[in-house]
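J.: prediction below, plus the sequence it came from.
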Amino acid sequence: MRHDHLLTARQLSREDIEEVLDRAAELDADPSAARERNAGTLLGLCFFEPSTRTKMSFEAAIKRLGGDVVDMGSVDSSSVKKGESLADTVRVIEGYADALVLRHPLEGSAKMASEYVDVPILNAGDGAGHHPTQTLLDLYTIRETAGLDDLTIGIMGDLKYGRTVHSLATALTNFDAHQHFISPESLKLPRSVRYDLHEAGANVREHTDLEEVLASLDVLYVTRIQRERFPDENEYHKVAGQYQIDAETLEAASDDLTVMHPLPRVDEIAPEVDDTAYANYFEQAHNGVPVRMALLDLLMEGER
Amino acid sequence: MRHDHLLTARQLSREDIEEVLDRAAELDADPSAARERNAGTLLGLCFFEPSTRTKMSFEAAIKRLGGDVVDMGSVDSSSVKKGESLADTVRVIEGYADALVLRHPLEGSAKMASEYVDVPILNAGDGAGHHPTQTLLDLYTIRETAGLDDLTIGIMGDLKYGRTVHSLATALTNFDAHQHFISPESLKLPRSVRYDLHEAGANVREHTDLEEVLASLDVLYVTRIQRERFPDENEYHKVAGQYQIDAETLEAASDDLTVMHPLPRVDEIAPEVDDTAYANYFEQAHNGVPVRMALLDLLMEGER
Amino acid sequence: MRHDHLLTARQLSREDIEEVLDRAAELDADPSAARERNAGTLLGLCFFEPSTRTKMSFEAAIKRLGGDVVDMGSVDSSSVKKGESLADTVRVIEGYADALVLRHPLEGSAKMASEYVDVPILNAGDGAGHHPTQTLLDLYTIRETAGLDDLTIGIMGDLKYGRTVHSLATALTNFDAHQHFISPESLKLPRSVRYDLHEAGANVREHTDLEEVLASLDVLYVTRIQRERFPDENEYHKVAGQYQIDAETLEAASDDLTVMHPLPRVDEIAPEVDDTAYANYFEQAHNGVPVRMALLDLLMEGER
């Protein structure tokens, strides 16, 4: 990869993406060569916001590569409470590790941090900004199931606030994908994202009703509609209920449909779907490990 | 071991127990062969309740085996707070690890989790339910000191609520053990446990006074009487005071008596006992490491 | 090293200090030999108070040595909450690790703990008491920049409460150092420390104004003046403002001046200083890793 840091999915060309996914597939099949070259590598975990799966997934990835982590721990127990700036924190921690994973509530933090340190920074989510490793594992999952060429994908749920959605939609413009966005009126894609997609020449359609497109989809990417987005509990239940998937909903789908979800889910996908061939969200979560192994392996390659 | 998971001490036959204790003794003497076969193994730590010694002991065990952990962290920082079900959490985490250790406040959680995942589950305590690895380290400690055959053991303190006690008493029915239960009236063994012991043909007696049996004991297993079990502070002090051990108490004991305690202790055993030959509770805690190494080694053997 | 534990900088002779710093320099250049002899070593982390950099630095050190940690976690989730004594906690944890790092709010805790366990204890700060590994990394940094012989050092800021300062000043009496202490009247060195320095025959001067000595300094060691030391916000700002360093302040300094700070900083050193050749505080923090590697390597050597 020609990059020193992974800050946003937008920085990745189709070539970059394919390099990461190819490497991930290789490592998934046989990590032994990568274990040798990464043995002893220390990854600094700087999570300024709580995270379970992203953090565990990075931790599993570096350990599967024969390396280890050095964890800043929660912000409550850190120097941040004593008033230390992010720039100072990352400049101290870079002395303890060979690369840093950063999650921070403020958009742009990862880019800022990358200007202060010499080791690679991997953005694990900065506010409403970016979460590029999630996008890469989504793309890996799509490539392993439906394939990234001539893809028809439906992205459903909270399209307004979900950084996962914005990042994936943007990345998909590198491929020959038909994107359908399905959401309540109040949670449609933000104008800025719609503009970016348009600029990139993306093939995009918006819907309020899943039925309109379900039969044509190769992939249905479901996201959580968060209660806290609605001023009124009743309003939330009315809207959320329309964007839930169960076995009955899926009767209208193609047999080859792949259902994805960035997890955690609450009610968006009924548990009865888990045992169907459609369900791919747990595999999707598991794919975080080989994809993050690939990223770490490629970024450390640039350091050697 | 013929088991895929370790959910309860009750699932273990005498043969299973001896296999674990034999392996523990081997690993305690020389872990090198096991290090080779377990190198790189990742153990997922899923502690839905706080724990110090059980968690550290598992962590030491897998690391002494040449493996490592991936830790879910505290529930406060996890997806559980977003409303994720236990079934979903363990299905995600099984993609990050080769086996899972689960502690959860709800009885039956470990069994439930084992129905959703393909990797081995080790129950590290589920509510008032089971804590089988504690029982195995207790048995290991007894075997190393008094021996498990022709054993006379006194189990004292809170016999009503202590899952450690219930599990140990049940497991001892696999051996030729005389069990004496010593407690205040209000904290006697629950009827269900007494019934199970009876059904298993156990040799059991109940007492309210330690003096009645102390001289005959090979092992005295002391547990903590918790303040919060008593509506009234005075009542607690009156009762707890009767079940405390000090040097004077032990004058009436056999010279070969082994004193055990699952720890942490508060006032049940006076510090002056620590330096006597009776004291075995710190060794008992340390035995958690070889016993958990043995369990992990045996369960992973089944996976290979 | 002739010591079983590292409890205070005061226990270290000049010879001890030089042995640690020499070993640190060796390991910084090539850790491979030390990796072989320390592979598999487990370091128990017992932090009864929050810490970011000290803990991460120890973690990086043992992992760079090929070992690993077993972490007690935060006190909130530990047996300490159930009323367990420090003596019991460390006696349990010594069964999980080959050496223990202890941070505790009470002065004297590390010494007390060392009387109960057989494994080496490294004091990572006990209350207002000692923090010897910080002192050693400070000495290492001074030796790498200005050198420890014929040194003129200014130590500035909160000299009353800063254990870092007391420890460093005491350790410097082993070397041919001219020590200038610069602080507001209300935060001068405590009488006891001044007495110790006098007894050790140290060459010491006190100032309220940095200008008096800045030009003569090889090293300026800046510490944080804590808001909470002052009853009045205005008083704090007036005092703190006088002990801040910026590019203009440093115009009066020697070109070879090294500026140090134990970090985290708040306003004591302006960010514009970071890019000058004076700034050495991030390197200083990074030096914690080789210095702690050296300490662990030397203490474990005594165990083999």
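T.: The structure has been received and is ready for your questions. Residues are numbered from 1 along each chain as shown, chains lettered A, B, ... in the order given.
J.: is stretch A:277-287 anywhere near chain B?
T.: Yes. Using C-beta under 8 Å from any C-beta of the partner chain, stretch A:277-287 reaches chain B at A:Phe282, A:Glu283, A:Ala285, A:His286. Any C-beta I mention is one placed from the backbone N, CA and C, and that applies to glycine too.
J.: center of chain A - which residue?
T.: Closest residue to the average C-alpha location of chain A: A:Gln134 at 1.5 Å, with C-alpha atoms, centre = their mean.
J.: which SS class is that residue?
T.: Following DSSP: H, G, I helix; E, B strand; the rest coil, the label given to A:Gln134 is helix.
J.: contacting residues for the nearest residue to it once chain neighbours are set aside?
T.: Leaving out its chain neighbours, the residue that sits closest to A:Gln134 by C-beta to C-beta, 6 or more residues apart in numbering or on different chains is A:Thr164, at 5.4 Å. Listed by C-beta atoms under 8 Å, 6 or more residues apart in numbering or on different chains, the contact set of A:Thr164 reads A:His131, A:Gln134, A:Thr135, A:Asp138, A:Thr223, A:Pro262.
J.: looking at those, which is nearest A:Lys82?
T.: Each of the contacts of A:Thr164 was checked against A:Lys82 using C-beta to C-beta; the closest is A:His131, at 28.5 Å.
J.: phi first, then psi, for the closest residue to A:Ala146 other than its chain neighbours.
T.: Among residues not flanking A:Ala146 along the chain, A:Asp218 sits closest, at 3.9 Å (C-beta to C-beta, 6+ apart). Dihedral pair for A:Asp218: phi -90, psi -40, per degrees, to the nearest 10.
J.: ok, A:Thr258 next?
T.: phi -110, psi 120.
J.: what's the distance between the residue lying closest to A:Thr173 once chain neighbours are set aside and A:Ala171?
T.: Nearest residue to A:Thr173, sequence neighbours excluded (C-beta to C-beta, 6+ apart): A:Ala200, at 3.8 Å. Distance, A:Ala200 to A:Ala171, by C-beta to C-beta, to the nearest Å: 10 Å.
J.: wait, A:Leu158 touches A:Gln226, no?
T.: Not quite, residue A:158 is Asp, not Leu. Yes. With contact defined as C-beta atoms under 8 Å, A:Asp158 counts as touching A:Gln226 (6.3 Å).
J.: and the two? Which one has more around it.
T.: Set A:Asp158 next to A:Gln226 and count neighbours by other C-beta atoms under 10 Å in any protein chain shown: A:Asp158 wins out with 22 against 16.
J.: the more buried one: what's it in contact with?
T.: Neighbouring residues of A:Asp158 by C-beta under 8 Å, 6+ apart: A:Val165, A:Ser183, A:Leu187, A:Thr223, A:Arg224, A:Ile225, A:Gln226, A:Arg229.
J.: now tabulate these in CSV and tack on secondary structure.
T.: What follows is the contacts of A:Asp158, written out as CSV (three-state DSSP):
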residue, secondary structure
A:Val165, helix
A:Ser183, coil
A:Leu187, helix
A:Thr223, coil
A:Arg224, coil
A:Ile225, coil
A:Gln226, coil
A:Arg229, helix
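J.: which of these lies closest to B:Asp150?
T.: Using C-beta to C-beta, A:Arg224 comes nearest to B:Asp150 of the contacts of A:Asp158, at 60.6 Å.
J.: about what we covered before: could you dump the contacts of A:Thr164 to TSV with pLDDT?
T.: Putting the contacts of A:Thr164 into TSV (pLDDT from 0 to 100) gives the following:
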residue	pLDDT
A:His131	90
A:Gln134	96
A:Thr135	97
A:Asp138	98
A:Thr223	95
A:Pro262	95
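J.: out of the residues you listed, which one sits closest to chain C?
T.: Set against chain C, the nearest of these by C-beta to the nearest C-beta is A:His131 (24.3 Å).
J.: quick check: closest non-adjacent residue to the closest one.
T.: A:Gly125 (4.3 Å).
J.: hang on, that neighbour packs against A:Leu106?
T.: No. Shown here, A:Gly125 and A:Leu106 do not form a contact pair, counting by C-beta under 8 Å, at 10.9 Å.
J.: which one's more surrounded, those two?
T.: Shown here are A:Gly125 and A:Leu106; by other C-beta under 10 Å, A:Gly125 has more neighbours (26 against 14).
J.: for that one, give me its contacts.
T.: Neighbour list for A:Gly125: A:Glu49, A:Ser51, A:Thr54, A:Arg103, A:His104, A:His131, A:Gln134, A:Arg163 [criterion: C-beta under 8 Å, 6+ apart].
J.: okay then, goodbye and thanks.
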